[in-house]
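Participant: Any chance you can model this:
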Amino acid sequence: MTSSRERFASLVEHVAFRVRVREVHSVFKLSQDMPADVRARVRARVRADVGGELAELMLRYDGPPAPR
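Facilitator: Numbers count the residues shown, from 1 in each chain. As a prediction, this is how the structure comes out:
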């Protein structure tokens, strides 16, 4: 599995850009680099703090937890 950083680097290898952040409402990162239990805790926290819609989007992108 390719890390998120490697994937990003492959996408923007020949592109230069600058980003200026003016305001942040919430931040989350879906990362294959994190263990499944960590991703599940992040989704649960998002569900509690932000709402179920975003948590469902995260689950849809990430997929269900792998069986143990």
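Participant: Please count neighbours and contacts with C-alpha atoms only from this point.
Facilitator: Fine.
Participant: mean confidence score for the top helix by length along the chain?
Facilitator: Secondary structure of the chain per DSSP state H: the longest helix is helix 36-49. Averaged across helix 36-49, pLDDT comes to 87.
Participant: Send me it as CSV with only the CA atoms.
Facilitator: Only the C-alpha atoms of helix 36-49 are listed here, as CSV (Å, rounded to 0.1, in the frame of the first residue of the first chain):
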residue,chain,number,x,y,z
ALA,A,36,-7.9,0.6,11.5
ASP,A,37,-8.6,1.1,15.2
VAL,A,38,-7.2,4.6,15.1
ARG,A,39,-9.4,5.4,12.0
ALA,A,40,-12.4,4.0,13.8
ARG,A,41,-11.7,6.2,16.9
VAL,A,42,-11.4,9.3,14.6
ARG,A,43,-14.7,8.5,12.9
ALA,A,44,-16.4,8.1,16.3
ARG,A,45,-15.0,11.4,17.6
VAL,A,46,-16.2,13.1,14.4
ARG,A,47,-19.6,11.6,14.8
ALA,A,48,-19.8,12.9,18.3
ASP,A,49,-18.3,16.4,17.7
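Participant: Work out the gap between the worst-scoring helix or strand of the chain on mean pLDDT and the centre of the chain.
Facilitator: For the chain, the helix or strand with the lowest mean confidence is helix 4-11, at a mean of 76 (criterion: mean pLDDT, DSSP states H and E). Relative to its parent chain, helix 4-11 has a centroid offset of 14 Å by CA atoms, centre = their mean, to the nearest Å.
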